[in-house]
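Novice: pasted the sequence and its predicted model underneath.
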Amino acid sequence: MKKVVDEWKKSKAKGSNGRILFTKLKGTKSLIKNWQLSKKLDSNSIKDIEDRLKAIDVKAVSDGWSEALRREISRYLVKLWSALRRDDQQWRQKSRVKWLKVGDKNSKFFHNIANGRRRHNFIGDLIIREDRISDPKLLKEGFYNFFKNQYKRVQWQRPKISVLGLNFLPEMKEFCTTNLLANKRCWKPLATVPGTKPRPRRFQHQFP
């Protein structure tokens with residue numbers, strides 16, 4: 001931006017106001033064009049970065065990952081992201097310039113495409129509980145209730161053993177209520193299990 005301002009002030013055009021404006025714009029246009037050419041992204045640079053990343057991956061697979069390789073691949077990933085972003089911006093600018101130059105923005109073809117897409121995405125009515133609804137307010141409410149029910153958390157009630165009518169054996173009931181917490185032999189197998197949970201084929205659910 002500073003270069004454009006300096007070029008604008010540096011131009012000493014004479015004549016009418018229109019002539020002065022034309023000369024200044026022409027000078028800034030040349031400056032911007034030259035700057036764009038100097039900053040233009042080389043199409044081969046993206047391929048070079050991708051090839052380098054592949055080489056790093058191959059080296060890491062064969063020799064293993066090292067701290068130097070990690071730093072190098074991070075640096076090249078940043079370069080690749082920056083290069084792809086600049087390339088995308090250039091293509092967007094080119095497409096917009098062509099779009100405005102051709103003038104499709106106000107053409108009949110453009111309006112037909114836009115209206116066709118609008119008609120395709122338009123929802124005029126819905127059948128909700130066997131009733132056809134076309135009022136926009138009721139349509140919004142129907143959409144809201146539908147997705148609300150889809151993503152609502154369901155609170156399940158846990159079944160209780162007492163409801164099933166199952167009875168404990170007298171010996172087992174006495175063992176669970178009196179001896180389990182007091183008998184150290186009950187907890188010794190549990191204490192020897194590694195980790196926080198019993199593992200298959202390592203821990204048998206039997207007490208000595």
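Specialist: Received the coordinates, thanks. This one's a predicted model, so the numbers in the text were calculated from it and none came from an experiment. Numbers count the residues shown, from 1 in each chain.
Novice: I figured Gly124 hits Asp135, correct?
Specialist: No: the pair formed by Gly124 and Asp135 falls short of the contact definition of Cβ atoms under 8 Å, at 10.9 Å. (Glycine included, C-beta is placed from N, CA and C.)
Novice: in the protein, which helix or strand is least confident?
Specialist: Every helix and strand of the chain was ranked by mean pLDDT, DSSP states H and E. The lowest is helix 180-182, at a mean of 54.
Novice: what does the pLDDT read for Lys98?
Specialist: Model confidence at Lys98, given as pLDDT, is 57.
Novice: same check, this time on Ile32
Specialist: Among the per-residue scores, Ile32 holds a pLDDT of 69.
Novice: next: the one 5 residues further on.
Specialist: Confidence per residue is given as pLDDT, and for Leu37 that number is 62.
Novice: can you check Arg201 too?
Specialist: For Arg201, pLDDT reads 50.
Novice: tally of neighbours for Asn17?
Specialist: Using other Cβ atoms under 10 Å, Asn17 is surrounded by 8 other residues.
Novice: if you could redo that for Ile49, that was the one I meant.
Specialist: Neighbours of Ile49 under the rule other Cβ under 10 Å: 19.
Novice: ok, now which ones touch it?
Specialist: For Ile49, the residues meeting the contact criterion (Cβ atoms under 8 Å, 6 or more residues apart in numbering) are Tyr76, Lys79, Leu80, Ala83.
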